[in-house]
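1. Predicted model and sequence follow; I will ask about them next.
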Amino acid sequence: MEVKVLKQLNLWPRLTTRLSALLVATLALLSALAGPAAQAVPATAQRQELSDATAVLDLWVEEQRAHRGLPGIVLGVVFDDELIWSQGYGVADLESQEPMTPRSILRIGSVTKLFTATAILHLRDAGKLRLDDPVATHLPWFRIASPFEEAPAITVRHLLTHTSGLPRESSFPYWTDHEFPTLQQIRAALPEQTAIYPPATHYKYSNLGIALLGEIVAVVSGTPYEDYVAGHIFAPLGMKNSSARPSAQLRGRMATGYGRRLADGSREILWPRRPTSSPTWKT
């Protein structure tokens, strides 16, 4: 079954500190109720204790959401591959006031990196690439300026571990205008960028590096990245509500993505609820 870890864009960190402690306590209780030791407890008592635990969590999360003015949140608790509790809070869209529910679709942003790394390791296990292959072995067009003349070649492993020394981003203002570049634009801009560090010397988070991994998946597999992830990861796991190229049906269930709360209490819409075309998803 599909287990979705959902977060409203740019809003989740505000709840993390306080919510973590409550979640730990609640999950500990839920795990105890579902674990082997719980077999001695009557089923009716287990149900009541589970109900009590989720009731506490439910009240606290809604109070925090309202206090902080968060548009919407979705939470789920999974035990032993089973979704044992889920709940939506607030709304999926401030204008329409449609309620947020466990069926709401949210953009997961950089969680997508997990799928990109999984795809790379699939291809490694299939013998189609090695982690120590230079990036240029699979992307012959890969070129970036570097002041480090003796530096070794950047490899697939370097991209996976954020030790490539590449800049954090491609040279486009997509975190300002939310217009993500095409592969062709990234390729054209790359030679004008400069490496920050020699590879394997510093950790430096790089969305650019992960985007290159996504293209390696496509080239090595002979399949577009979106199709490879759908066929080799989402489908085997039964993840019917996840996609790197969301359909109109999935987009219709998407929650609006909002930015931080401004001084007047309003929030900028960063990701419209029903975009007119499929967004470019960060790999």
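-> Cool, got the structure. All figures in this text were calculated on a predicted structure; none of them were measured in a lab.
2. longest helix anywhere in this structure?
-> Longest helix of the chain, by residue count under DSSP state H: helix 43-68.
3. Check which residues of the helix or strand that comes right after that helix are buried.
-> As assigned by DSSP states H and E, the chain's next helix or strand after helix 43-68 is strand 72-79. Buried residues in strand 72-79, counting neighbours by 16 or more other Cβ atoms under 10 Å, are found at 72, 73, 74, 75, 77, 78. Every residue, glycine included, has its C-beta placed from N, CA and C.
4. pLDDT weak spots in the chain?
-> Across the chain, the ranges flagged by pLDDT under 70 are 1-46, 273-283.
5. Just give me the residue closest to the centre of it.
-> Residue closest to the average C-alpha location in the chain (Cα atoms, centre = their mean): residue 111, at 2.0 Å.
6. any idea how far residue 101 is from residue 76?
-> For residue 76, the distance to residue 101 (Cβ to Cβ, to the nearest Å) stands at 11 Å.
7. mind checking the SS state of residue 259?
-> strand (DSSP: H, G, I helix; E, B strand; the rest coil).
8. Find the nearest non-adjacent residue to it, please.
-> In space, residue 259 comes closest to residue 268 once its chain neighbours are excluded; the distance is 4.2 Å by Cβ to Cβ, 6 or more residues apart in numbering.
9. Mind listing what's buried along the helix or strand where the one you found lies?
-> Secondary structure from DSSP H and E places residue 268 in strand 267-271. Burial within strand 267-271, assessed by neighbour count using 16+ other Cβ under 10 Å, is assigned to 267, 271.
10. Okay, angle between it and strand 257-261 too, please.
-> 150 degrees (axes from the mean of the first three to the mean of the last three Cα atoms, to 10 degrees).
11. Neighbouring strands of strand 267-271 in the sheet, and parallel or not?
-> Paired strands of strand 267-271, with direction, are strand 257-261 (antiparallel) (DSSP bridges).
12. mind listing what's buried in the strand it pairs with?
-> Under 16+ other Cβ under 10 Å, the buried positions of strand 257-261 are 257, 258, 261.
13. ditto for stretch 99-117
-> 100, 104, 105, 106, 107, 108, 112, 113, 115, 116, 117.
14. Closest one of those residues to residue 203?
-> Among the buried residues of stretch 99-117, residue 113 lies closest to residue 203 (Cβ to Cβ), at 14.6 Å.
15. Doesn't the closest one lie inside a helix?
-> Yes: counting by three-state DSSP, residue 113 is found in a helix.
16. is it true that it touches residue 210?
-> Yes: applying Cβ atoms under 8 Å as the test, residue 113 and residue 210 come out as touching, 5.3 Å apart.
17. Against residue 261, how distant is residue 271?
-> In terms of Cβ to Cβ, residue 271 sits 16 Å off from residue 261.
18. Residue 231 and residue 221 touch, don't they?
-> No: with contact defined as Cβ under 8 Å, residue 231 does not reach residue 221; the gap is 9.5 Å.
19. out of those two, which sits in the more crowded spot?
-> residue 221 (19 against 12; other Cβ atoms under 10 Å).
20. I'd say that one and residue 124 touch.
-> No: look at residue 221 against residue 124 with Cβ under 8 Å: they stay out of range, at 11.8 Å.
21. related to what we said a few turns ago, the longest helix of the chain packs against which elements?
-> helix 13-34, strand 72-79, strand 82-90 (3 or more Cβ pairs under 8 Å, 6 or more residues apart in numbering; DSSP states H and E).
22. how's this protein carved up into domains?
-> The chain resolves into domains spanning 13-107+245-271, 111-237 when parsed by automatic domain parsing.
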